[in-house]
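Enquirer: with the input below, show me the fold.
(one chain, ligands or ions: 1)
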Amino acid sequence: MEERPLTAGRTAMGVLRRIREKGVAGVSRAVWDRLEERLLEGYYERSLGIATAGRISRQALGYESAEWSEYGASTYGNIRRIMRAMEVDPDRDVFVDFGCGKGRVVIAAAFYPFARVIGVERSPALGDAARRNVERARSRLACPRIDIVTADASAYDVPDEATIIYFASPFSGATLDTVLDNVKASLVRSPRRLRVVSHGYDAANPFEQQIRRHEWLALSAEIPLQRSNSAWVYVNSRWTCGPVQPAA
Ligand SMILES: C[S@@+](CC[C@H](N)C(=O)[O-])C[C@H]1O[C@@H](n2cnc3c(N)ncnc32)[C@H](O)[C@@H]1O
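Expert: Below you'll find the predicted structure:
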C-alpha cells in the first residue's frame with residue numbers, strides 16, 4: 001500500500017519525461033496509436049476467430065542463425081495503411097510475405113483480390129499456426145488461393161508470378177541478400193513489374209540500408225505508419241520490368 005504514491009509519482013515523472021522528449025502532440029499521437037491498435041487487434045482477431053498476437057523469441061523458435069528474427073506481428077493499423085497505399089491489380093498480382101509467422105499479414109492481404117497470397121515461414125510451429133488461422137478466416141477472404149510454405153526463405157524458389165514482396169524485417173545478412181538475389185533471378189527469367197514493400201522503422205535501420213544496396217531496386221514511395229515509423233516501397237528497374245510499352 002505504501003508503494004502507491006511512489007508508483008503514481010514515477011508514472012507522472014515518466015509522462016512528463018515523454019512530453020519533454022516528444023512534445024504534447026507526440027505523446028497524444030503515441031497514445032492514439034496504442035488505442036487504435038488495441039481496438040483493431042480485438043476486432044480482427046475476434047471477428048475472424050484467429051490468434052496471431054504475441055512475441056516468440058529466437059531462442060524459443062530454436063533459431064541457430066543470428067540473422068533470423070523473432071516472431072512479432074505487424075500491427076493491424078500499419079497493415080491497413082500499407083495495403084491502402086498499394087494498388088492491387090485484381091487476379092494478376094501475387095503477394096508474398098517472407099517470414100509470415102502466424103499469418104496475420106497473409107490474411108489481411110487476402111482480403112484484397114490478389115490472384116494468390118503466399119506466406120513463407122521458417123518455423124514449422126508458426127507455419128502450422130498460420131495454416132490454422134487461414135482456414136478459420138477463409139470464408140471472409142477475397143483471394144482464392146492462399147499457400148503457407150514452411151521453408152528457410154533463402155532456399156525458397158520465388159515463383160515467377162510474384163509481384164509484391166513484403167518484408168517486416170524478418171531476416172538480415174546473407175539470408176536477405178540471397179532472397180533478394182532469388183527475386184531478381186525470377187525477374188530475369190520472367191521480366192515483370194514487381195514491388196518490394198519493407199515495413200521498417202526509419203531509413204537508417206540496417207535492414208533498410210541493406211535493401212538499398214541492391215541497386216536493381218529503386219525507392220518509389222514512403223508510407224507513414226504508427227509511432228512515426230515508415231514503410232518503403234521499392235520497384236524494380238526497367239531491365240527486369242519487361243519490354244517498355246510504346247507511348248500511345
Ligand atoms: C517480425 S516477424 C514478422 C511476421 C509477419 N510477417 C508480420 O509482419 O506479421 C518475422 C518472421 O520471420 C520468420 N523468419 C525468420 N527467419 C526466417 C527465414 N530464414 N526464413 C523464413 N522465415 C523466417 C520468423 O520466424 C518470424 O515469424
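
Enquirer: from here on, just use CA atoms for contacts and neighbour counts.
Expert: Will do.

Enquirer: burial count for residue 64?
Expert: Number of residues near residue 64 (other Cα atoms under 10 Å) recorded here: 9.

Enquirer: can you give me the strands for this protein?
Expert: Per DSSP state E, the chain carries strands over the ranges 55-56, 71-72, 94-98, 116-121, 146-150, 164-167, 195-199, 217-224, 230-236.

Enquirer: the fourth one and the ligand in contact?
Expert: It refers to strand 116-121. Yes. Using Cα under 6 Å from any ligand atom, strand 116-121 reaches the ligand at 120, 121.

Enquirer: ok so, going back, for the strands of the chain, give me CSV that also has mean neighbour count and mean pLDDT.
Expert: Converted to CSV, those look like this (neighbours: other Cα atoms under 10 Å; pLDDT from 0 to 100):
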stretch, mean neighbour count, mean pLDDT
strand 55-56, 12, 98
strand 71-72, 20, 98
strand 94-98, 26, 98
strand 116-121, 25, 98
strand 146-150, 20, 98
strand 164-167, 20, 98
strand 195-199, 23, 96
strand 217-224, 16, 95
strand 230-236, 21, 95
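
Enquirer: what's the closest of those strands to residue 31?
Expert: Ranking the strands of the chain by proximity to residue 31 (Cα to Cα) places strand 217-224 first, at 16.8 Å.

Enquirer: residues contacting the residue nearest the centre of the chain?
Expert: In the chain, the C-alpha nearest the mean C-alpha coordinate belongs to residue 168, at 3.7 Å (Cα atoms, centre = their mean). Residues near residue 168 by Cα atoms under 8 Å, 6 or more residues apart in numbering: 74, 99, 198, 199, 200.

Enquirer: where in the protein is pLDDT low?
Expert: Where the chain drops to pLDDT under 70, the residues are 1-6, 15, 25, 239, 242-248.

Enquirer: mind checking how far the longest helix anywhere in the chain is from the chain centre?
Expert: When the chain is parsed with DSSP state H, its longest helix is helix 3-48. The chain centroid and the centroid of helix 3-48 are separated by 23 Å under Cα atoms, centre = their mean, to the nearest Å.

Enquirer: which secondary structure elements does that helix contact?
Expert: Contact partners of helix 3-48 among helices and strands, from 3 or more Cα pairs under 8 Å, 6 or more residues apart in numbering; DSSP states H and E: helix 76-85.

Enquirer: can you point out the buried residues in the helix it packs on?
Expert: Using 16 or more other Cα atoms under 10 Å as the test for burial, helix 76-85 gives 76, 77, 78, 79, 81, 82.

Enquirer: what's the most distant pair in the residues you listed?
Expert: Using Cα to Cα, the two most remote members of those are 76 and 82, lying 9.9 Å apart.

Enquirer: up against the ligand, what does the protein have?
Expert: Applying Cα under 6 Å from any ligand atom, we find that the chain lies next to the ligand at 68-74, 97-101, 104-105, 120-123, 151-153, 168-171.

Enquirer: who are the contact partners of the nearest residue to residue 102 once chain neighbours are set aside?
Expert: Closest residue in space to residue 102, ignoring its immediate chain neighbours: residue 130 at 4.1 Å, by Cα to Cα, 6 or more residues apart in numbering. Residues in contact with residue 130 (Cα under 8 Å, 6+ apart) are 100, 101, 102, 103, 104, 148.

Enquirer: in helices only, show me these.
Expert: Of the contacts of residue 130, the ones assigned to helices by DSSP H are residue 104.
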